[in-house]
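> would you be able to build a 3D model of this:
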Amino acid sequence: MQEFESGNIDLLVSTSVIEVGVDVPNASVMIIEGADRFGLSQLHQLRGRIGRGAEKGWCILISNPKTQEGRERIEAMIQTTDGFKIAEIDLKLRGPGEVCGIRQHGITDFRVADLIRDHKILIEARVEAEKLLSQDPELKNEPLLLKTVIERIGDSLDIAGTA
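As a prediction, this is how the structure comes out:
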């Protein structure tokens, strides 16, 4: 790695461990073999390792996706370099997982709103919840709400260390 960074060698072959903490400004080309096996966030992170210097970066994705989702992930990487847009596409493709739990993807346990479509109202709800909790952190004045929270997400509160 030091030889590559110093410019003594021109080619570095690596596993995906290269995605974090590598800053070599003269790195300008990356080839990702089996790109359809990586998640969008990981592909975006890998692509971000190149083109940091004066030279334009080129990220070549070698892939043969077998699923529609795999094709959509590759298409997303071709269409945008915007990390927020990629995260939004990833959320749509993989699902949000549990809002209050440990599952990181799939069908959500959150059935009240769509996290993307209803973003503004969810922000408003969070602001109102924060106000309520700042005035009554133990929900002593809201016994029914407290009971519902404990019934629905009590185990998750334990995981988060907040129960």
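> so where do the helices sit in the chain?
2-6, 40-47, 68-79, 83-94, 119-135, 143-160 (DSSP state H).
> quick one: closest of these to residue 53.
Nearest of the helices of the chain to residue 53, taken as C-beta to C-beta: helix 2-6 at 11.7 Å. All C-beta spots, glycine's among them, are computed from the backbone N, C-alpha and C.
> buried residues, the closest one. List them.
residue 4 (16 or more other C-beta atoms under 10 Å).
> need the contact partners of it.
Applying C-beta atoms under 8 Å, 6 or more residues apart in numbering, the set of residues contacting helix 2-6 from outside is 9, 10, 11, 12, 24, 27.
> quick check, pLDDT for the residue of the chain most remote from its centre.
Most distant from the centre of the chain: residue 141, at 36.7 Å, with distances by C-alpha atoms, centre = their mean. According to the prediction, residue 141 has pLDDT 93.
> look up how far residue 133 lies from it.
11 Å (C-beta to C-beta, to the nearest Å).
> related to what we said a few turns ago, tell me the least confident of the contacts of helix 2-6?
residue 24 (82).
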